[in-house]
Structures are given as structure tokens and as C-alpha cells.
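What follows is a predicted protein model with its sequence.
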Amino acid sequence: MVWGVLFLAGLFEIGWAVGLKYTEGFTRPWPTVGTVAAMVVSVVLLGWALKHLPVGTAYAIWTGIGAVGTAIAGIVLLGESASLARLACIGLIAAGIIGLKLATPQ
């Protein structure tokens, strides 16, 4: 269950990272409310996961999920580059996330 909570925290990190783009510098009220709410939920879930997982592992996985998910969301939603080099680097980050998960007992 703790890994599921950490994964969910990572999904909310993607939400707030992408949400920042839509706040337009926190000048748009509803995107700002959604972004701040996603930030709070993400950090609260991460905090709960840290009660059960090593901080280095949990934080690295949380940021990795956020980085990979945000990069993919940028490609899909915002028309950012999907070059082979960029996709390969995203794949390397994903491999690191999986490696940390597999190397951590729990």
C-alpha cells in the first residue's frame, strides 16, 4: 500500500507541475487553486509514505515520477519535443525509478 501512496503522490506532483503552466504566474484563480491543492496533496502523501520508506528512496521515486510524468504531459498536452534523445532520457529516469523500487525492501 505504501508504494501505491507514493505513486499517487507522484501523480499529484505531475498535476501541480503542469498546473503551474496554466496559472500564468498565479494570475488565473482556478488553475492556481487546483495547482496549490495538488501541491498540498502531493506533499502530504509523500510525508505519509516517508513514515514507512527510506527518505532517499521515497524522495527520488517521487521526483522521478514527477519528472517523467511532467515530461510526458508536456509532450502530449503542450506540444513539446518528442525527440528520440529526449524519450531515451525519460526512459533512463524511469529505469532508475524501477531500480530504486526493486532495490528497496518493503
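All right, it came through fine. Numbers count the residues shown, from 1 in each chain.

first to last residue in stretch 22-36, what's the distance?
Start-to-end span of stretch 22-36 (CA to CA, to the nearest Å) is 12 Å.

Please, which helix or strand holds the most far-flung residue of the chain relative to its centre?
Distance from the C-alpha centroid of the chain peaks at residue 27, with 23.4 Å (CA atoms, centre = their mean). Per DSSP states H and E: residue 27 is located in neither a helix nor a strand.

And it, its phi and psi?
phi -100, psi -10 (degrees, to the nearest 10).

just residue 82 next, same as before
Here is the backbone geometry of residue 82 (degrees, to the nearest 10): phi -120, psi 40.

so what's it up against?
residue 75 (CB atoms under 8 Å, 6 or more residues apart in numbering). The C-beta positions use only the backbone N, C-alpha and C, and glycine is treated the same way.

Next, work out how far apart it and residue 71 are.
10 Å (CB to CB, to the nearest Å).

Next: residue 16.
Applying CB to CB to residue 16 and residue 71 gives a distance of 15 Å.

Residue 94 now?
10 Å.

name the element residue 31 belongs to?
helix 29-50.

Check which helices and strands that helix sits against.
Helix 29-50 is packed against helix 2-23, helix 55-78, with contacts defined by 3 or more CB pairs under 8 Å, 6 or more residues apart in numbering; DSSP states H and E.

can you pull the contacts of the residue nearest the centre of the chain?
A centroid search over the chain (CA atoms, centre = their mean) returns residue 66, at 1.7 Å, as the residue closest to the centre. By CB under 8 Å, 6+ apart, the contact list for residue 66 reads 10, 13-14, 17.

where are the low-confidence patches of this protein?
106 (pLDDT under 70).
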